[in-house]
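**Q** sharing a model prediction with you, sequence too.
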Amino acid sequence: MDETRLQKLLTIAIRAAELASNKILEVYNSADFQVNLKDDNSPLTLADKKSHVAIEELLKETGIPILSEEGKSIPYAVRKDWKYFWLIDPLDGTKEFIKRNGEFTVNIALIEDQTPILGVVAVPVTCEVYYSSRGSGAFIKRPDFVSPISRRTPADLSNKGLRIVASRSHMNEETETFIGSLDSPELISAGSSLKFMLLAMGNADVYPRFAPTMEWDTAAAHAVVREVGLNVFQQNTMNQMVYNKPDLLNPYFICY
């Protein structure tokens, strides 16, 4: 895909994320989230649904297939032939949303041949939008200005005092064991794909995730961190995370 086309798609994706953020805030500031449980016992709110609809309405104009957490399931027999597709989490961090702690995001990624080449991570409560496209760097858009995000030096896991970012909702024994193997680590907690953004902004060094995530949880943030010199590796390997697998469940990973 040429740069001109990619930038046009990025503009549309940012607009979609901002529109979705507004829809989410309407529910967030209301008295009724209309919380239900999905088949896997994860929560679903009115905000998830409204965000999905807003994003889908804008992105469908691009003619590129859409795979969304809140959309219909699409068989791998269909998906496997997609060279490009949108991968979306309309509301990442629904548990954080319900807790009203502000740590939830809208994630929109464009995948090309199993690799995220465009990513938008919007934070509704702060009105911040992190975004990137392949080879063009990463940026943070605030209400009054846009700033480039500087490239980061990947962390050496043998260093002392590494800042380790972990989920508020998904800390487990394997993650605690990893953190315990490091030299005097500092633990930083955050929800949703904000964990990746802490690394992108230089406010954390390592994000280990040894618990289940889905492709739509990571793809947009993965695109952003790639553009600042970081990466997302499958646990115990140097293999990068890939997308549009037969099973959309991610392997365990480390971002640094």
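**A** Looks like it arrived, so ask away.
**Q** how near is F253 to L6?
**A** Taking C-beta to C-beta, to the nearest Å as the measure, F253 falls 25 Å from L6. (Each C-beta comes from the backbone N, C-alpha and C, glycine too.)
**Q** how close does I14 get to L59?
**A** 12 Å.
**Q** next one: P65
**A** Separation of P65 from L59 (C-beta to C-beta): 10 Å.
**Q** between these two, who's got more neighbours?
**A** The neighbour count for P65 versus L59, taken as other C-beta atoms under 10 Å, is higher for L59 (22 against 18).
**Q** backbone dihedrals for that one, please?
**A** phi -70, psi -30 (degrees, to the nearest 10).
**Q** next, the contact list for it, please.
**A** L59 makes contact with I12, A13, A16, I66, W86, I88, I108, according to C-beta atoms under 8 Å, 6 or more residues apart in numbering.
**Q** rerun that using 7 Å as the cut-off
**A** Listed by C-beta atoms under 7 Å, 6 or more residues apart in numbering, the contact set of L59 reads I12, A16, I66, W86.
**Q** try P148
**A** P148 sits in contact with G137, F139, where contact means C-beta under 7 Å, 6+ apart.
**Q** right, and the helix or strand after the helix or strand hosting it?
**A** If you go by DSSP states H and E, P148 is part of strand 146-149. Next helix or strand after strand 146-149 toward the C-terminus (DSSP H and E): strand 163-167.
**Q** which elements pack onto that following strand?
**A** With contacts taken as 3 or more C-beta pairs under 7 Å, 6 or more residues apart in numbering; DSSP states H and E, strand 163-167 sits against strand 186-190, helix 194-200.
**Q** what's the least confident helix or strand in the chain by mean pLDDT in contact with?
**A** Across the helices and strands of the chain, mean pLDDT, DSSP states H and E gives its lowest value to strand 36-37, namely a mean of 80. Residues outside strand 36-37 that contact it (C-beta under 7 Å, 6+ apart): P43, L44.
**Q** for stretch 93-101, same thing?
**A** Stretch 93-101 is contacted by residues 28, 33, 35, 43-45, 47-48, 91, 103-105, 168-169, 191-192 when judged by C-beta under 7 Å, 6+ apart.
**Q** which one of these has the most neighbours?
**A** T105 (32 neighbours).
**Q** for the chain, which segments count as strands?
**A** Counting by DSSP state E, the chain has strands at residues 36-37, 43-44, 66-68, 84-92, 105-112, 115-123, 128-133, 138-141, 146-149, 163-167, 186-190, 207-209, 232-234, 253-255.
**Q** thinking again about what came up before, put the alpha carbons of the strand holding P148 into PDB.
**A** Coordinates of the C-alpha atoms in strand 146-149 are reproduced here as PDB (Å, rounded to 0.1, in the frame of the first residue of the first chain):
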ATOM      1  CA  VAL A 146       0.000  17.200  18.000                       C
ATOM      2  CA  SER A 147       3.500  16.000  19.100                       C
ATOM      3  CA  PRO A 148       5.800  13.300  17.600                       C
ATOM      4  CA  ILE A 149       6.700  10.500  20.000                       C
END
